[in-house]
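Participant: Model the structure of this input:
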Amino acid sequence: MPVFFMEMCLGQFNRCGPTAVWDKMAPMFKGIGIASCFMAYIVAFYYNVIIGWSFFYLFASFTSVLPWTTCFNPFNSGNCWQIGWDANVTNASSASDGADVDSRPPDNRTYNASVSVSSTMEYFERGMLELHHSTGLEDLGVIRWQLLLCTFLTFTVLYFCLWKGVKSTGKVVYITATLPYVIMTILLVRGVLLPGAEDGIRYFITPKIDSLRKPKVWIDAAVQIFFSVGSGFGTHIAYASYNKFHNDCKRDCIITVIVNSFTSLFSGFVIFSYLGYMALRTQKDIDKVATEGPGLVFIVYPEAIATLPGSVGWAIIFFFMLLSLGLDSAFGGLESPLTGIRDELSQLMKYKYFREVLTLIIIMSAFLFSIPCLMQGGMYVFTILDTFAAGTSIVFIVLCQVVAVSWIYGMPQFCDDVQKMTGQRPSIFWRICWKFICPSLLLVIVASSIISYQPLTYRTSVGTYVYPYYANIIGWIIGISSMILVPGYFVYKFFRLKGSCKQRLALGMSPACEHEEIIQKGYVKRFQRSHWLSL
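Facilitator: Okay, the predicted model is just below:
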C-alpha cells in the first residue's frame, strides 16, 4: 500500500508519466521510469498470450459438449480420466454392484492416481498448447495457428481500446471490473456444495508456517502483490497523471487495496473449493491436482464449470469474464510505456494520428515478440518470461523508486507535495514506511531472490522438464535488461550534464525547481546532513 500511495502521488502532483516525472524530481534517476516502462512492455509479450488462451477457450465453448469434459478427443492419451468417472469404479465392476454405468469408462482403462490425468488438464496441455509435440526449448515445434489468431485478436482489441487514450479505456472498465464478481459468486455457491470442497477450503485457510522460512515464498508473494495491485510498472503514475490535482488519492489507494485483497481472498475460496473436489475425485493431494502458474485457471475453473447445469452457457459467460479481467489488466500494462513515450515525444503530439501510429507500433511489436510463446513448445518460453521478466527485476525497480523518492528527493519535500494536493500531510506511519520499512524489506527480498535462486523447471502432467543451463542465463539477461537501465541512465546523465563532478551530481539529484539556485549560489540541499536525517 505505501508504494501504491507513493506512485499515485507522484503521477497526480507532477501531471506526467513514469519517465517524465523524474525530469522534475531527480533527473539522474529517470532510468527508474524507463525501466518500469520497458518491463511493462516485456510483460506484454507473454501476458497477452494468456488472454489469447481465454479467446481459445471461449470459442471452444460454443459446442453441445464442452471439449475438456471428455477423454475421446483425438489428442487425448490413454491416461485421460474425464469428469464424471468415479476413480473407485473400474470396468471390472458390474451393474449388479450398484455402480452407475455413466460413472465407468467405456473402455478397459482403470484409474491410477500416479499416472491418470484429468481431461481438463489434457485439454490445456494437449488440446490447446499441443505441448506433447515438443520435447523442450530445443524442439519448440510449429506455430499453433489457432493461438496465433486468438492472440492477434487480443492485441487488435487492445489497440482499439487504447488508441484514443484513457478516456476510451475508462468506459470499457465499467463492465470488465464488475462482471467477475457475479460469476465468482455463482461458482462459489456451486463449489461449496461439491464433495471435497471443505477439504480444499481448509487447505486454503490453514497457514503453513514452515513455508515462511523459504525465501521463494516471500519473493513470490511480493511479485504477486505488485502484479495484483499494479505497482512497479509505472501504471499508477501514468493513470494518476490524469487525475484532478486535488483528488484524494489516499482514499483511492486505500479503497483499491481493500477491494483487491477481498477479491484475492474471495477467488481463493472459489478455486480451492474446486481443488478439494478434484483432489477427492482423483485421489490425489490438493497440491498435485493442477499445475502451478497461469495454467491453473484453465484447469480448475473449466472443471468447476462442467459441474454446473447448463455448463456450456456458463463456460461462455466465464471465459468472457476472464477476457474482461485480462483486458482490464492489459490496458494498464500497455498504458505505462505508451504514456512514457508520449511524454518524451510530446513535440510530435501535434501531428495528426501520432497517438494512433505510436500505439500501433507498440501493440504490433509486442505481438511479434509473443510469437515464440504461441508454438507447440511455447509454454517453455512463456515460463522463462513469466519467471524472469518481472520477478527480481520489479522488486529491484520498486526499491530504487522508494529510495530515490524518500531519500534523494526527500521526505519533507514529498510530504509538502502531498499536502498541496490533498490538504493533509502524510502521517508518521506513511513516512516511516517510505523511508525505512519499505526499502529494508525490498532490499532483503532482492538479495534473497538472488541468493536462493534455483534452476528453472516446469511441471507438466507427465513429469518435470528441467531447463538447460543456457535457458537460465537467457532468463537472467531478460531480467537484468530492465534493471541495468537504472544505473545505466544515471551514468549517462552524469556525463551529459555540464559543470564539475559535484555540480553534475547536484543537478542530477535535485528537482528542476532548484537548478537555478544550485548554479548561481552553489547551495545543494541534497548535500546537507539535515536532508538525509529529516523525516
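Participant: What ranges in the stretch 101-250 of the chain fall below the confidence cut-off?
Facilitator: Counting by pLDDT under 70, the stretch 101-250 of the chain shows low-confidence ranges at 101-114, 164-176.
Participant: For it, which segments count as helices?
Facilitator: Applying DSSP state H, counting those that start in this stretch to the stretch 101-250 of the chain gives helices spanning 119-122, 145-162, 166-176, 179-191, 197-205, 215-229, 235-240, 249-282.
Participant: Please identify which of these is closest to residue 527.
Facilitator: For residue 527, the closest of the helices of the stretch 101-250 of the chain is helix 235-240, at 27.5 Å, according to CB to CB. For every residue, glycine as well, the C-beta is placed using N, CA and C.
Participant: Can you tell me what sits against the closest one?
Facilitator: 4, 7-12, 17-18, 21, 33, 36, 40, 166, 230, 249, 332-333, 335-336, 338-340 (CB atoms under 8 Å, 6 or more residues apart in numbering).
Participant: Sitting in helices, which of the residues you listed do you find?
Facilitator: Using DSSP state H, the subset of these located in helices is 4, 7-12, 21, 33, 36, 40, 166, 249, 332-333, 335-336, 338-340.
Participant: Now do the domain split for this structure, please.
Facilitator: 2-67+126-492, 501-533 (automatic domain parsing).
Participant: and these, which is most packed in?
Facilitator: A comparison of the domains of the chain by mean neighbour count, using mean count of other CB atoms under 10 Å, puts domain 2-67+126-492 on top with a mean of 19.
Participant: ok, back up a step: now the helices of the stretch 101-250 of the chain in TSV, please, with extra columns for distance to residue 426.
Facilitator: Output for the helices of the stretch 101-250 of the chain, formatted as TSV (distance: least, CB to CB, whole Å):
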stretch	distance to residue 426
helix 119-122	48
helix 145-162	33
helix 166-176	26
helix 179-191	32
helix 197-205	34
helix 215-229	19
helix 235-240	16
helix 249-282	8
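Participant: between those helices, which gets nearest to residue 467?
Facilitator: Residue 467 lies closest, by CB to CB, to one member of those: helix 215-229, at 16.4 Å.
Participant: Show me what the closest one is packed up against.
Facilitator: Packing partners of helix 215-229 (3 or more CB pairs under 8 Å, 6 or more residues apart in numbering; DSSP states H and E): helix 249-282, helix 392-403, helix 438-451.
Participant: So which other helices or strands are in contact with the shortest one?
Facilitator: Right, the one you point to is helix 392-403. helix 2-14, helix 30-60, helix 215-229, helix 438-451, helix 469-483, helix 485-496.
Participant: per-residue pLDDT, residue 269?
Facilitator: Confidence at residue 269, expressed as pLDDT, is 90.
Participant: In this structure it contacts residue 201, no?
Facilitator: Yes: applying CB atoms under 8 Å as the test, residue 269 and residue 201 come out as touching, 6.1 Å apart.
Participant: Alpha carbons of stretch 333-349, in CSV - could you do that?
Facilitator: Extracted as CSV, the C-alpha positions of stretch 333-349 are listed here (Å, rounded to 0.1, in the frame of the first residue of the first chain):
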residue,chain,number,x,y,z
GLY,A,333,0.3,-2.6,-18.6
LEU,A,334,0.5,-1.0,-22.0
GLU,A,335,-0.6,2.4,-21.0
SER,A,336,2.6,2.8,-19.0
PRO,A,337,5.1,2.6,-22.0
LEU,A,338,2.6,4.5,-24.2
THR,A,339,2.4,7.4,-21.7
GLY,A,340,6.1,7.3,-21.1
ILE,A,341,6.9,7.5,-24.8
ARG,A,342,4.3,10.2,-25.5
ASP,A,343,5.8,12.3,-22.7
GLU,A,344,9.3,12.0,-24.3
LEU,A,345,8.0,12.8,-27.8
SER,A,346,5.5,15.4,-26.7
GLN,A,347,6.6,17.7,-29.5
LEU,A,348,5.3,15.2,-32.0
MET,A,349,1.8,15.1,-30.5
